[in-house]
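J.: Fold the stuff below for me.
(3 chains)
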Amino acid sequence: MRIGYPCINRTIDCTANRTFRLKSYSEARFIDSINNNLVCLRKILQFNLEHKLLFFRVSSDLVPFASHSINKFNWQKYFQKDFEEIGEFIIKNRMRISMHPDQFTLINSIKDEIFERSKNELHYHTEILDLMKLDTSAKIQIHVGGVYGDKEKSRERFVTRFGVLDDSIIQRLVIENDDKMYDLNDCLKINTQIQIPILFDVFHHKLNNSGNLKTAESFQLTAKTWNEKRDGVPMVDYSSQEPNGSPRQHSETIDIEDFDLLLKETQHFDFDIMLEIKDKEKSAIKAINLATKAGRIHNL
DNA sequence: TCACGTCAAGCAGAT
DNA sequence: ATCTGCTTGACGTGA
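T.: Residues are numbered from 1 along each chain as shown, chains lettered A, B, ... in the order given. Prediction:
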């Protein structure tokens, strides 16, 4: 089991997701931002190594406006060496990387132009991981998308659209159960039609679980959708409800008892877990201490 | 230096 | 009809 956190490290004063407004776009600004982000990404990964946090989600803002038509600059070539070096560091230290394009990436959209934009966005995400020379266990996670008044049809549209994506995208794409529309059952249905791995989100499943599937059962079902040789061990997202917060609000800090319970419920499974918790690496460090004591962290 | 309105992109559900 | 949340943060203008 690897433990990780998404995108931002609050301890070190360096962010790998610096961006700017479209209005203030210039090539100099663009290059400068990517440069900053790559420098910070290295520092964050170094921090993570020192704390044995071997799972990390790279921000979609690593290259701002990467899939936007305003950007004509060949950043892939310009930063090729930097990407390679970061990739070498990741591979050498047996780290794992994921990415999570944001809510505008919708492969089942009714509108073709939204699908086209989404393809470009997915292409950009694969480029990042390809430039780092990471194998296909480095994943890109998305939600199934919108319902558009007809879930059945929209699920079918996901399947059809998935089939026409580039192979380089297909190799990396995984779907995640969401908290409102497509729950684990829906994802499993899709998986019977196209062999796409399902990234299990523990918190979303608590909020949206039509099949009333228990934790261990859910881990078992999703684990089967990952081909270990091609995809690596399953990825899992974890959070818990913020006490006194609005419903669905991710907790500020880890609920260590809840996490302990999850470890017990999942003791027969191996997976990598991403803590979507606001205080980021702080909670991740608490989690890895607990998981280590529980004998769940083995040297990779 | 700081507050706060706003940010490329979409959807659903609440107000 | 408009606002809010989503993985939410941070840019950037005006004072």
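J.: all strands in chain A, in order from the N-terminus.
T.: Ranges of strands in chain A, per DSSP state E, are A:3-6, A:55-58, A:96-99, A:139-142, A:173-176, A:198-201, A:235-238, A:272-275.
J.: Identify the residue nearest the closest residue to DNA strand C within the stretch 151-300 of chain A in space, chain neighbours excluded?
T.: Closest residue of the stretch 151-300 of chain A to DNA strand C, Cβ to the nearest atom of the strand: residue A:250 (3.3 Å). Backbone N, C-alpha and C define where each C-beta goes, glycine included. In this structure, residue A:250 finds its nearest non-sequential neighbour in residue A:239, 4.5 Å apart by Cβ to Cβ, 6 or more residues apart in numbering.
J.: Same question for residue A:80.
T.: Nearest one to residue A:80, counting by Cβ to Cβ, 6+ apart, is residue A:131 at 6.4 Å.
J.: Provide a list of residues in contact with that neighbour.
T.: A:76, A:79-80, A:83-84, A:87 (Cβ atoms under 8 Å, 6 or more residues apart in numbering).
J.: Equivalent analysis for residue A:275, please.
T.: Shown in contact with residue A:275 (Cβ under 8 Å, 6+ apart): A:3-5, A:238-239, A:254, A:283-284, A:287.
J.: and the stretch 151-300 of chain A, which residues reach DNA strand C?
T.: Listed as neighbours of DNA strand C in the stretch 151-300 of chain A under the rule Cβ under 7 Å from any atom of the strand: A:178-179, A:204, A:239, A:246, A:248-250, A:276-278.
J.: Make a ChimeraX selection of the buried ones in those residues.
T.: With 16 or more other Cβ atoms under 10 Å as the criterion, this ChimeraX line picks the buried residues out of those:
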select /A:178,179,204,239,276,277,278
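J.: what about residue A:210, neighbour count?
T.: Number of residues near residue A:210 (other Cβ atoms under 10 Å) recorded here: 9.
J.: pretty sure it is touching residue A:183, no?
T.: Yes: with contact defined as Cβ atoms under 8 Å, residue A:210 reaches residue A:183; the gap is 5.4 Å.
J.: Could you verify my assumption that the residue nearest to residue A:250 touches residue A:277?
T.: Yes: counting by Cβ under 8 Å, residue A:239 touches residue A:277, with 5.7 Å between them.
J.: what's the overlap in contacts for these two?
T.: Counting by Cβ under 8 Å, 6+ apart, the common neighbours of residue A:239 and residue A:277 are A:250-251.
J.: What sits closest to the closest residue to DNA strand C within the stretch 101-250 of chain A if chain neighbours are left out?
T.: Going by Cβ to the nearest atom of the strand, DNA strand C is nearest to residue A:102 of the stretch 101-250 of chain A, at 2.5 Å. Computed as Cβ to Cβ, 6+ apart, the closest residue to residue A:102 that is not its neighbour in sequence is residue A:60, at 6.0 Å.
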